[in-house]
Structure formats: C-alpha cells, structure tokens
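> structure for the following, please:
(4 chains)
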There are 4 protein chains.
Amino acid sequence: MKVAIIGGTGYGAIELIRFLYNHPYAEIEAIISHSQSGQALGAVYPHTVGVVEKPLEELVVQELAERVELVFFATPPAVSKDLAPQFLEHNVKCIDLSGDFRLKSPTDYQEWYGSPAADENYLETAVYGLSEIYEEEVAGANLVANPGCYPTATLLGLLPAVQNGWIEEKSIIIDAKSGVSGAGRGTSLNAHYPEMNENLKAYKLGQHKHIPEIEQELGKMAGHPVQVTFSTHLVPMTRGIMSTIYADFTQPVSTDEMIEAYTAFYREQPFVRIRRNGELPATREVYGSNYCDIGIHADQRTGKLTIISVIDNLVKGASGQAIQNMNLLKGWDVATGLNYLPIYP
Amino acid sequence: MKVAIIGGTGYGAIELIRFLYNHPYAEIEAIISHSQSGQALGAVYPHTVGVVEKPLEELVVQELAERVELVFFATPPAVSKDLAPQFLEHNVKCIDLSGDFRLKSPTDYQEWYGSPAADENYLETAVYGLSEIYEEEVAGANLVANPGCYPTATLLGLLPAVQNGWIEEKSIIIDAKSGVSGAGRGTSLNAHYPEMNENLKAYKLGQHKHIPEIEQELGKMAGHPVQVTFSTHLVPMTRGIMSTIYADFTQPVSTDEMIEAYTAFYREQPFVRIRRNGELPATREVYGSNYCDIGIHADQRTGKLTIISVIDNLVKGASGQAIQNMNLLKGWDVATGLNYLPIYP
Amino acid sequence: MKVAIIGGTGYGAIELIRFLYNHPYAEIEAIISHSQSGQALGAVYPHTVGVVEKPLEELVVQELAERVELVFFATPPAVSKDLAPQFLEHNVKCIDLSGDFRLKSPTDYQEWYGSPAADENYLETAVYGLSEIYEEEVAGANLVANPGCYPTATLLGLLPAVQNGWIEEKSIIIDAKSGVSGAGRGTSLNAHYPEMNENLKAYKLGQHKHIPEIEQELGKMAGHPVQVTFSTHLVPMTRGIMSTIYADFTQPVSTDEMIEAYTAFYREQPFVRIRRNGELPATREVYGSNYCDIGIHADQRTGKLTIISVIDNLVKGASGQAIQNMNLLKGWDVATGLNYLPIYP
Amino acid sequence: MKVAIIGGTGYGAIELIRFLYNHPYAEIEAIISHSQSGQALGAVYPHTVGVVEKPLEELVVQELAERVELVFFATPPAVSKDLAPQFLEHNVKCIDLSGDFRLKSPTDYQEWYGSPAADENYLETAVYGLSEIYEEEVAGANLVANPGCYPTATLLGLLPAVQNGWIEEKSIIIDAKSGVSGAGRGTSLNAHYPEMNENLKAYKLGQHKHIPEIEQELGKMAGHPVQVTFSTHLVPMTRGIMSTIYADFTQPVSTDEMIEAYTAFYREQPFVRIRRNGELPATREVYGSNYCDIGIHADQRTGKLTIISVIDNLVKGASGQAIQNMNLLKGWDVATGLNYLPIYP
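The predicted structure follows:
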C-alpha cells in the first residue's frame, strides 16, 4: 500500500518514516512539506541520506490522492481539519496525528485550541485511535484521530481501573512528565539546550489542550462526565512520557488484584505490559518502541492508588500508534512493522 | 568559629566545604572521613586542589571536641545517633544532615529506617532545622536535625496553606522529583550514567523514609495527625528537587489570595521566593543556591490546588540549610555566606 | 541458524539480542551469564519482558555446542581466549566481541592487556572482523575477532587515505570521544551519573588498549609499521563515538578529491556514508544504527587533513558489526537484520 | 566603583551580574539591553528576582558615562567597536567581551569576522586581556579586549611550552570541545534540546574566528608567525571547554619537566592549576569558577605532547576573566570577587 506523509520535517514525520521504511506492506510514496518543499529529505535530516532518498514535495491534493491509499497528517494544529476532508472525498484514508479530530465537541475544541473546530460531520465519524481500546472501530474507519502523547500514556494507565469502577473519578490527579521532543522541532527558549539541560520545569498547570481529550475518553468509559487535575512537566531528556496517576479507591483493592485485572484487560494487546508487584517502569525501558509499560501501587497505608504509565512520546505517543492504527485499519497484524525491542541503554 | 565536618567525602560534605570556604565567620578546622582518612581532600575531589588544602582525618572524638565549637554530620544513616551525643557532652554543638534526629517518635524511626532510633532524650531536645519555620528554636539549640531534601521543598510549599486551614489534609498528594545527586556518591546501577541518562524513573512509591518526616511537621502545624501520599522520581539531572503538591481546598481561595498569604508568611525570609500569578519555578532557577522558589495555581475549573516548590537538593535541601542553621544558632545574619545568585544557565 | 550469546548481561549482549530478535535467519538459542544464571533475562533487563523471554543459563560448553552453530562472546577481556577454542573444536563458529583475538602479536597483547595472549594458532587464524575491509576473509572464517569501538570508527575514517598514500603516517593524531556506555554496565565513580553528567573527561592518553589494534591495521594497509597518537575522552551521552583524525598530507589533495576517493572505496558498502563537502556528521545521526558516517576537511590554509568519523559504539562499534560479520560468514546479504534508519532525535 | 553592563540579556551579562553581585568593590549601576529595555531583569531571568532588582535600560551614552567608571560590553560582534570609543572619550574604561578589539590586524578581522574592523587607533591601544599573561598591560589599560573562550583555554595551555621553545609550532593541533552555552542564548536548531542532547557535533573545522586570535598570541610569544590547526565540537553539556592540544617536541622533554615548568610559569597566578603527572582535568572540576586546570602528557612512545586545558567557558572564558581584568585594571587583588570553589558535582 502506498502512503503519504504530510508535514514531513517534524519529529512525527521522521518517526513515521523510520517505521514505514521497514514496514513489509506499506511504502512511502510521498513526503509533503510546505516549508521545505523542493529539498531532499536528507538535507533536512542527514541521518536519512543513503537510506530513504526522497524529495520533499509541495502538496497538490488531487494529484496526491491518485498516488496513495492513505495519508498521515503530522501537521501543526488547524491544518488537517481542512485538508483531511479533501482526501476523504477522494476515498483516501486519513490518520491524523494532530489534535484536529480528537474532540467530539466543537465547543471544547474552540475553547482549548483557540480556533474553530473541524466540520462536525467529520468530528462525528472520526475514530479516536487509542488502538488498544478502539480496535474494532479503527478497523472500519476512514478517518482516525491519533491520540495525543499524554492522553495515550494516561488513558492506558487509567481505563481498566475506571471500567472496574474502582476509583473515585473526581479524585484523579495526573502528574505528567515529558521529554523535550514533545515540543517539536521548532526552536524556542524553553527548548534551548542551555536552558533545558539540567533543568526541570512545570508548565501549563490545568491548561494543557490534552485535558479535554483525557476527560472525553474517561467520561465515555465511566458513562458520565469526568474532570481531572492534569499537570505537565518538561524533563531534561529527548524522549519519554511518564504519567504518575493518583486516585482514591471506591473500595479496597490490592495491588495484586489490580495487576491481575490490568493483565487481563490487555491480554490480547502486544504493546501494553503490566509490571509485577513491586516493580515500576522507567521511560528508558520503552525507548524507541511502541510499548506502554504500567506499574501499579495500591497503598494500604493511605488507601490511595498510584499508577505509573510510560511510553515513548514519539512512538506509542504519536507515530508508532499511527502505524498500529494503519495496521488495524488494513486488517494486518497489529504489530506489523512495530515489533522491535526498545533500545537500551 | 572553628568547625568540623564528619563524613568528608560525600556530596553533603563537599557542599559544606564550598560554602564554609567563603563564610566570613566560620572556618573549617577538620574534615573527617573514615573511609579515606590519610588522603588529602584534593585526592578525592580534584576541584579543591589549591583552594582548600586539607587532609582527611580519622575521627578521635575527644581530640576533635577540643579543636572545634561545632560539628556538621554529613554521614550515612545510623552514624550520628551515637556520635552526636558524645560531642554534645563535650559542649560541641551539632548539626546533623542525616535523618537520625529528625523524627520525634522512636517507633517511626525504627519502622521507616529499619534500625533502632537514637536515645529519646536527644530526639526530644533536637530541633528540627527547617530554618524558616523554627528560627527561634534553632537559635537556642545544641543539636539541630537538618531536614531532608524532599521534606524541605515539600514543607515550605505546604505549611502556609496548612496553617491557613485552606486545604483538606487527607487529600494531599506530593509528586516529588529529584536529580540523581540525591542518591549520594556511592555507585549503583540506578545511578550508573548509561542507565540514568535519558531516563525517568519512579521509585519507592509510598515507602520513602522522608514520609514520616513530612507527616510529623504537617501534623504539628495542623494540630492533628496528617497522612500524605508521597511519590519519588529520579530525573536525569545532577541537582534539583521539585515537589508538585496537590490538595483539595476546604474553601474557595484564589491564586492571588494564596500568593499574597504565602508572600506574607515568608516576608522576613530571604531564601523563599513566591512567584507571581501565572509564573512557575524551574529547578535551574535555584541551581547552586539556597533559594526555595514556589509557584501556586488554584484551579478554578477543578477546585484543586497545585503548588510547585523547587530547591537545589544539595544546598537548601542539605548543606545550605545547614549553614543557615549555623547562622541562626550563632545569631549571625541568616544569609551570611549564602547570599549568592543561582548559577544560570 | 541457532546462536548463543555468552556474557548475557552486558551492553554488548543486550544489543545483540535486539538485532537478533528481528533477524530473519538467526535465532537466539541460549543466553549465557555466569554472574546471573538462573534468572530470567527480564529480571536483569525489564525492557525485554514479554518480548524476549529467555532464562540466563550457566555455561556448559559441550552441551551448548550441540545446540548452536555459532557463539557470540560479549565477555570481559581474557575470557574468550580460553573458551572460544573449546567451541571451535566442536565446529561451532565464534564471533568474539572482546579484544582477545584482535592482536596478531602475543607480545602486544601481553603489553597492552597485561595478561597472557591466546594460543598463537588461534591468533593467526582469527580474522579481524572490520567488515568493510575483510569481507572475504570473514566469509571463510571460523573465528572472527570483532573490532573495538574506537578502532572501527578510526580505521574506517583513515584506511582509504592510507591506501592512497596521501598522508604522512607518523603525523596521525586521533582525538577520540566516546559516550559512557563504552565503559560497560559495571558501575564506577567515572560512570556515576552525578560525576559524569555535565562533564567532559580525558582519560588514558596514549595508553588505551585500542592503540595497538589501530596501529596493526594501519600498518597492514601501509605495508610498514605505523605509530599513532591516540587520546580518549568521555562525553556526557550514552552512545556514540567520534574520532577526529588529523594528519599531514604527503601531497596536495582537495576535499573534493578525497570525498570522491572515499565514496569509491566504500561504493559497495551499505553502512559507510561519506558526507558532502562542507557537511560534518554528528553522533546522533547514526544513533542505534550500524552506520559509520564520515566527513572530510582538507584545509587549504594549513595543508592539514581533518577527518570526522562517527559510529554508535554499541552497534557498528560492537554488536551491529558482529551481526554484519555473521551475515558475511553465512553468505547472507551483509545488511540482513541491520537495515534500519538511525533513531532521530 | 560603579559599572554598567551593556548587552544585559545574554549569558555573558548574567554571569557578570552573578560575580558583581558579590564583588566587594564594584557595584552594578546599570544594565543595558537594547532588545528588552523597559523590562525588569527578573522578567528575563527569573532566578534573579528578589536578589538583583534592576530594570533593563536603553543605552544613552552620555548619560551613562556620567553614572559609571567602567563599562562591560557583553554584546554581539560589531557593536562595541563603535560604542566603546564613545565611552573612552568620556574617560570611561571599557572591558569588551566581544571579539571587536582582540585582533591587532584589521585585515584579519575583516577576513574572519566578515565586517570592517574597529578604528585602528583603538585596536592598537586595546590590551588583550589574557589576565595571566598581560597582567601589567591590563593594569594600565583603558580598553581591554577580553579573550575568547577557546583562546583562553588554548593559550593558557600552550604558551609556557611555546615560550620554552619546546614544541614545533607548525605541528600544533587543537581539538577543542565546548558546552552549548558558548553559542549564547539565541535559539537555533543546533542548540535545540532534542537535536543536541545525546549528540556530539563537529563544526567549523579550520574556520572558527578564534583561530586568528590564537595565532596572533602564539606568534607574539614565539617571535614569528604561527599557524595552527583548530577544530571545534559541541558537547551535550551547558558549560565547559576542553582544549586537547597536540604538538611535536623540538627536543626530548619529560612530563615531569613540563609540569615543573608550567607550575613555575603560573606560580603567581591563583587561577591556573597544573595537575600532577598522571592526572587529567575534567570540565566539571572548574564548573562555575574562574579556574583553568591543565594536564600534561609527554608521550615517550610517540614523542608527542598532549596538553588538556579546561575552563568554564562562561567564567574564565568570558565573565570571570572580565572581572579579573577589572581587578587588575583597578589594582585590586586579582582574585577579588572570584575566589570561589567550583561547584561539584
């Protein structure tokens, strides 16, 4: 199957390229970059020279729609909401790594993203591509809204507990920490090496646009609206997200019971790994891979639950999950082209 | 005043040496190291060569007690509990950077430290040296229990809110993050560079020995026992602690009101800085210095409070605060020898 | 083909496991670890749990020789020199990642490694596995001495120039820089995170045991003994080696001529990439991959040559090249199981 | 003495502010920033809030000249060459941290900096402020050209050997490595955290504008023109420069003889420390301080000399040396306000 990547010079795109290069059934037909079209990919990313030799192309929808079956959008906010419908009209499937189709409520989008939402018809039909949860829906989708990095780590860590009715939803606190690549390739003082190295920064307390996305999905699982406290921190590393999740129990549950339930919940899922009692995952242990590792601690002394969920923000939190969704969508084995060990150390 | 440092090859000692070297009234008379006695300090820490030329000495209590007025203990757990009393009997003041005299309850010490507590008489008379809170008590003390690094950041961030009765104490969750120097100079796989670089690890959920210390002090301020949820994480940086603190409000309080109250609470304190509304501190902004910077976010949407408190774990979280306590104890200006800008970047 | 890895808990082994896991023709039959036998691999490396589920076994040569066709030694110095011959006697091929069979001269081994060399017969028949140079020899070998990390980067950068007779061999200076993983998984103060982070250290000037290995191979290409100045530095990163190589020209050669000659020299080699005039490689551009990227600058002002050669020390500098040698040895395409993009960023 | 800093938002300025804040005789009267004038310093550098409370001012030469005795220029290239003369005419002393007055030859400046040089009269009278070498000249100067960071580390490492006539000057090769703060606070893809973390980059081989500065000073010491090979590398750390210097001997000299001669050369200099035979300095050992640490290895096997010279690029390589020059210029003890231990770890 031939695919195109739109937004070819960001980190989302370069990770898509890495996985697609070794994917047995999909092939990169075109890499589109508005800002750098005309250049070779290797001029922008020297590590690809001699391996993936492709020009960066300008976008011409009609023409591209004839060359490919599926398009990945690795674009900034408010780009795909207009472009994806054009490809869908040409019967080209779309997997959108941006946030444009994740929120079902246009009001929420307007409020948190600060610009008008996509057409409501598309918001309705878009499938939220949290692969482990919406396997079947993605299989039949034309438009997949690939989840955000923080929501992926957080929801995979929380959903089994919410489904079991074990936690007081209004008590949920998510202390999220991310490597700096999450901010993209655009330079800023925040991501300037001398400012960020040997530094730990909190940012956007209670204001991150991933909040409504998390709440939407938790609410769906719970059957009623859920509100969470969500804080984000920048950690001096390139890749990795850790969500440390806190909640009150509705009833006494032990760590072992939880681990058992989580293990059962994800039994069929190759990319979620539940740690044994007493073991906690570290971000390095999923580096470069599509795994989400989850550790659980039900504190008997305080009666509170702590869940540690880690992913590689650029893989399971973005491009890896997009490939996973492509696999689902095409009916291929879900792990096709993703079946690698994390890189350690 | 002549002072001695016991435990001369750890990071606590080397930071004491850095500050004492420029302190106008105190002078290092002796550096004691059991493991490396006989060597020059410069053989263990080449950066001191030509600046602080001192031998590392074996400990002889009686003899040392005649040479110095005050002793700093920068020793592992369960060392000072036996040694400090011997110095006190010789009328030598003691500032203990270890945890041996922090907990008033011997049972708690036994439970969390896994070995018998110090003599109860000394536990009672030891002053918990959180300098901003126990200024007067430290002034008259013979034995100061210098607070732990996590408790320092956490308590300075929480105490004004607890004092005001603004927060539900049982809702307190502390998500703490530390640089790797907190684990000391002893090598371990956890602190091995290739394992810790580009990595973020959670450890000891609900089991850190700083928990009873935090609960003791919160309980004292609250007037009744307080239990907290406390998680610790290792961040790939050398220095810095951030405590991200969450709590439910007992009543509606705005960010501005809180900032005003915190600013008033610390008005006389040179080393606590409250950030303005909308600004959050980063660990780099206190690097190498004795400052504790605090940012406050009272979320109107969720009705929850988030406090960000940062320190340099080796300075305000250990040696800097020890110098501050020495200043208080001697009646010197509290900032003597500590009055430096953080090193940035 | 079934293979075994001996020395299963080091970084060399874990990278072998990563590549073998996806290799289409080779399969890990056994992982041998003397120090941790009896444990599961996942207990030592949690990132492998659920992916590579293998016990760590104790070594029994005879029994293992019946199970596998080929053995990788990822062992400390002075282990394989005794063990490899035992496997060879059982007609099991050996690829040795340690230095035990790299030096043809037993005297040199004794002098630089400080212990007796392997049996001279094996030293003679062992093929030095610098894959790009000894392609044919490796193809027929039973025992491959996989090159050291520094020699790999350095020799690939130097050999074409030496072959062309363009440089004064006695003028060669190699300023080599390595990430910390090169020192292995054993903890030490040098690799202790707080000591190595935000630090740059020179070590072992003129004394590194990779020196005789480099000189042996340069001498072989030159046809007469060559002596080099070789310095090593630890850089605060996990992976990556850069050799910055300096030499005087024997005759005027331009950067373009050199690039042309280097490109021709490596024309058939998929893993050596020569940068264009004015472009210099960075270690990140080969991260996690088997590539060696080379940049060349012939300075017209000073008449000196500078060559920048970068590899991932754990891949092309160790396990990746070992896989490459296995491919050569078995007659498989040289890139089998190695054909991945570097991970960027 | 009242001083002003021009270029108040760069890293050079913020380090000047750090040292001046504790300097006993100098006081910051004004901080000038063209780009951010009107703001408080604390808005640009939050770590200064509550410690150094100063507005960033617009420059008015005449008015400022009446308020201060001395001006530090921490400005980009081609700013001070026009401004410094205006202050000098008002009898205000100038210490210029930029490169505008370092090169005596206007032709060299034009060639390497790509813009016209300062007025030749000022180039002639400007004193090159390598404090250890030009102590007396600086004492009487009105205009001090503070050396570049690379030249400081390199020249302090090379000059004693050149003075003794021990090395073939045409053989000198300098492999220099710098932390990322050397590139300043302006953002760029090169200094973007995800690109620079876990990366090592060579740049500007043979083209760095510090080359003519090094050659000028070596030539002066040698008594005839000297040409060097000089390469620069970016290392993933914030601070620190290491120059690894190679040269051929003109005669046999042992490491011990060299160490003795270097120690004698710098006997009166508090900020240069010569390591003992077998010991090599690391950048961390001078972190945050004004020290230059030098290690020497005369290789008996190859007959070549290797010198390792390390500084903190922002201190001895910029602001610390500027303070040192101010001290010399005013006749104060050279270590005034600089007499601190490096920060370790």
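> please parse chain A into its domains.
A:2-125, A:150-313 (automatic domain parsing).
> the shortest one near chain B anywhere?
No - shown here: domain A:2-125 not in contact with chain B (CB under 8 Å from any CB of the partner chain), separated by at least 10.8 Å. No exception for glycine: its C-beta is placed from N, CA and C like everyone else's.
> mind checking the end-to-end distance for that domain?
End-to-end distance of domain A:2-125 (CA to CA, to the nearest Å): 24 Å.
> where do the helices sit along the stretch 101-250 of chain A?
A:106-113, A:120-125, A:135-139, A:149-163, A:193-196, A:211-222 (DSSP state H, counting those that start in this stretch).
> who wins for proximity to D:Ile307 among those helices?
The minimum distance between D:Ile307 and the helices of the stretch 101-250 of chain A falls on helix A:193-196, with 27.1 Å, by CB to CB.
> can you name the residues of chain A that neighbour chain D?
Residues of chain A lying near chain D (CB under 8 Å from any CB): A:11, A:179-181, A:185, A:187-189, A:191-198, A:236-238.
> in ChimeraX, how would I select the buried members of the residues you listed?
Only the buried entries of the residues of chain A next to chain D go into this ChimeraX selection, using 16 or more other CB atoms under 10 Å in any protein chain shown:
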select /A:11,179,180,181,185,187,191,192,193,194,195,196,197,198,236,237,238
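> which of the residues of chain A next to chain D are close to chain C?
Answer for these near chain C (CB under 8 Å from any CB): A:Tyr11, A:Ser181, A:Arg185, A:Asn197, A:Glu198, A:Thr238.
> residues contacting the closest residue in space to the fourth one that isn't next to it in sequence?
Using CB to CB, 6 or more residues apart in numbering or on different chains and skipping the chain neighbours, the partner closest in space to A:Asn197 is D:Thr238 (5.0 Å). Taking CB atoms under 8 Å, 6 or more residues apart in numbering or on different chains as the definition of contact, the neighbours of D:Thr238 are A:Tyr193, A:Pro194, A:Asn197, A:Glu198, B:Pro345, C:Glu198, D:Gly179, D:Val180, D:Ser181.
> can you give me the pLDDT of D:Thr238?
Note on D:Thr238: pLDDT of 98.
> separation between it and D:Gly186?
15 Å (CB to CB, to the nearest Å).
> okay, now A:Gly337: neighbour count?
For A:Gly337, the neighbour count with other CB atoms under 10 Å in any protein chain shown is 21.
> how close does the closest residue in space to it that isn't next to it in sequence sit to A:Leu143?
Nearest residue to A:Gly337 in three dimensions, chain neighbours excluded: A:His23, at 3.5 Å (CB to CB, 6+ apart). Separation of A:His23 from A:Leu143 (CB to CB): 21 Å.
> for the residue of chain A most remote from its centre, helix, strand, or coil?
The C-alpha centroid of chain A is most remote from A:Arg301, which lies 34.3 Å away (CA atoms, centre = their mean). Secondary structure, DSSP: H, G, I helix; E, B strand; the rest coil: A:Arg301 is coil.
> strands along the stretch 51-200 of chain A, start to end?
A:56-57, A:70-73, A:93-96, A:127-128, A:143-145, A:173-178 (DSSP state E, counting those that start in this stretch).
> quick one, which of the ones you listed is nearest to A:Tyr45?
Here strand A:56-57 is closest among the strands of the stretch 51-200 of chain A (CB to CB), at 10.1 Å.
> packing partners of that closest one?
Under the contact criterion of 3 or more CB pairs under 8 Å, 6 or more residues apart in numbering or on different chains; DSSP states H and E, strand A:56-57 touches strand A:27-32.
> so what touches the strand it packs on?
A:1-8, A:13, A:17, A:20-21, A:41, A:52, A:54-59, A:64, A:67-68.
> for that strand, C-alpha coordinates in PDB please.
The C-alpha trace of strand A:27-32 is given here as PDB (Å, rounded to 0.1, in the frame of the first residue of the first chain):
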ATOM      1  CA  GLU A  27       5.500   2.100   1.200                       C
ATOM      2  CA  ILE A  28       6.200   5.800   1.400                       C
ATOM      3  CA  GLU A  29       5.100   7.300  -1.900                       C
ATOM      4  CA  ALA A  30       5.400  10.900  -1.000                       C
ATOM      5  CA  ILE A  31       6.600  13.200   1.800                       C
ATOM      6  CA  ILE A  32       5.000  16.600   1.800                       C
END
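> the residue farthest from the centre of chain A contacts B:Gly206, correct?
Yes - between A:Arg301 and B:Gly206 there is a contact under CB atoms under 8 Å: 6.5 Å.
> please give me every residue in contact with the residue nearest to A:Tyr340 when sequence neighbours are not counted.
Sequence neighbours aside, A:Ser289 is the residue nearest to A:Tyr340 in space, at 5.8 Å (criterion: CB to CB, 6+ apart). A:Ser289 sits next to A:Asp312, A:Val315, A:Lys316, A:Gly320, A:Leu338, A:Tyr340, A:Leu341, A:Pro342, A:Ile343, C:His47 when contact means CB under 8 Å, 6+ apart.
> the second one contacts A:Glu15, doesn't it?
Right, A:Val315. Yes - counting by CB under 8 Å, A:Val315 does reach A:Glu15; the two are 6.4 Å apart.
> buried residues, stretch A:72-92. List them.
A:72-75, A:78-81, A:83-88, A:92.
> can I get the strands of the stretch 51-200 of chain A in TSV with mean pLDDT?
Output for these, formatted as TSV (pLDDT from 0 to 100):
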stretch	mean pLDDT
strand A:56-57	97
strand A:70-73	98
strand A:93-96	98
strand A:127-128	98
strand A:143-145	98
strand A:173-178	98
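> what secondary structure does the closest residue to chain C within the stretch 1-150 of chain A sit in?
Closest residue of the stretch 1-150 of chain A to chain C, CB to the nearest CB: A:His47 (4.0 Å). Assigned by three-state DSSP, the conformation of A:His47 is helix.
> count the residues that sit near the closest residue to it other than its chain neighbours.
Distances taken as CB to CB, 6+ apart put C:Glu285 closest to A:His47, at 4.0 Å, once the chain neighbours are dropped. C:Glu285 has 24 neighbours, counted by other CB under 10 Å.
> show me the contacts for C:Glu285.
A:Pro46, A:His47, C:Tyr291, C:Asp293, C:Val310, C:Pro342, C:Tyr344.
> switch the cut-off to 7 Å
A:Pro46, A:His47, C:Asp293, C:Pro342, C:Tyr344 (CB atoms under 7 Å, 6 or more residues apart in numbering or on different chains).
> measure how buried the third one is and give me the count.
Meaning C:Asp293. 31.
> quick check: what element follows the helix or strand hosting it along the chain?
Take DSSP states H and E as the rule and C:Asp293 turns out to sit in strand C:292-298. Next in sequence after strand C:292-298, counting helices and strands by DSSP H and E, comes strand C:304-311.
> packing partners for that following strand?
helix C:149-163, strand C:241-248, strand C:292-298 (3 or more CB pairs under 7 Å, 6 or more residues apart in numbering or on different chains; DSSP states H and E).
> how about the second one as CSV, C-alpha atoms only?
Going back to what we said before, that points to strand C:241-248. The C-alpha trace of strand C:241-248 is given here as CSV (Å, rounded to 0.1, in the frame of the first residue of the first chain):
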residue,chain,number,x,y,z
ILE,C,241,31.9,7.6,19.2
MET,C,242,33.5,10.4,17.2
SER,C,243,37.1,10.1,16.0
THR,C,244,38.5,13.4,14.9
ILE,C,245,41.5,12.4,12.9
TYR,C,246,44.4,14.7,11.9
ALA,C,247,47.2,14.1,9.5
ASP,C,248,49.7,15.9,7.3
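> paired strands for that strand, with orientation please.
When pairs are called by DSSP bridges, strand C:241-248 turns out to pair with strand C:173-178 (antiparallel), strand C:304-311 (antiparallel).
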